[in-house]
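Can you look at this prediction? I've put the sequence above it.
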Amino acid sequence: MLIALTGGIGSGKSTVARRWVALGGTEIDADVLARQVVETGTAGLAEVVRAFGTEVLNEDKSLNRSQLAKIVFGSQEKRTALQGILHPLIQATAKKLISEIEGVIIYTIPLLVETNSPLIFDRIVTVSAPEAVRIDRLMKDRGMTADEAQSRIVAQATDVERESLADTVIDSDCTLADLQSRADAVFASFKN
């Protein structure tokens with residue numbers, strides 16, 4: 001069974017994914033794949049350098065993620081160009097991994113709406129929380145400023161857009177224990 005788990009940055013989807021893995025699911029994380037497809041020496045990194053220049057490289061020729069983020073989060077056009085490079089590579093890698101796994105597969109994909117993923121999901125679950133809660137989490141947990149958090153949030157699809165695709169919505173504006181309980185209930189439904 002292939003489950004798409006989505007939600008905006010700071011929504012709590014990583015917490016839900018960890019819970020589902022603890023309950024026996026296998027996670028494939030699109031963010032992890034996004035890092036793998038641009039590792040040093042990959043065709044993906046070469047394409048990124050062609051598109052954005054050598055200033056996105058560290059001295060050791062690895063990708064300077066913060067420099068790339070500064071470039072793309074300031075421009076919808078550049079963000080779209082980057083997504084055009086990365087998303088086909090991520091999707092091909094995910095498809096291969098999915099073909100090798102049995103049981104409940106959790107494909108954590110923050111940009112489900114934006115990527116128009118060609119994968120066929122048995123269920124789509126989105127994790128949602130009010131924007132103010134997400135900004136607070138990003139400031140506390142990731143050390144972002146309020147402006148940095150806000151720019152990341154507005155660069156993604158809205159909760160309404162994600163929820164319109166979802167079979168199930170988990171409201172994460174609650175305690176950790178409540179979120180885990182909600183995640184447990186949804187996971188149990190996968191077996192039905």
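Alright, I've got the coordinates. Numbering: from 1, shown residues only.

So the protein: which segments form each domain?
Using automatic domain parsing, the domain ranges for the chain come out as 1-25+103-192, 31-102.

and the ones you listed, which is most packed in?
Highest mean neighbour count among the domains of the chain (mean count of other Cβ atoms under 10 Å): domain 1-25+103-192, with a mean of 17. Using the backbone N, CA and C atoms, a C-beta is placed for each residue, glycine as well.

that older thread, in TSV: the domains of the chain, plus mean pLDDT.
Output for the domains of the chain, formatted as TSV (pLDDT from 0 to 100):
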stretch	mean pLDDT
domain 1-25+103-192	93
domain 31-102	93
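
what's Glu39 in contact with, if anything?
Leu45, Ser62, Leu63 (Cβ atoms under 8 Å, 6 or more residues apart in numbering).

Let's see that with 6 Å instead.
By Cβ atoms under 6 Å, 6 or more residues apart in numbering, Glu39 lies in contact with nothing.

Would you agree Arg152 is in contact with Ile9?
Yes. Using Cβ atoms under 6 Å, Arg152 is in contact with Ile9, at 4.9 Å.

from memory Ala149 sits against Ile135, does it?
Yes. Contact criterion Cβ under 6 Å: Ala149 and Ile135 qualify, at 4.4 Å.

for this structure, what spans make up the helices?
For the chain, the helices defined by DSSP state H occupy 13-22, 30-36, 43-52, 65-72, 76-99, 112-115, 131-142, 146-154, 159-165, 176-189.

Check which helices and strands the longest one sits against.
If I follow you right, that is helix 76-99. helix 30-36, helix 43-52, helix 65-72 (3 or more Cβ pairs under 6 Å, 6 or more residues apart in numbering; DSSP states H and E).

Apply 8 Å and report the result again.
In terms of contacts (3 or more Cβ pairs under 8 Å, 6 or more residues apart in numbering; DSSP states H and E), helix 76-99 is packed against strand 26-29, helix 30-36, helix 43-52, helix 65-72, strand 105-108, helix 112-115.
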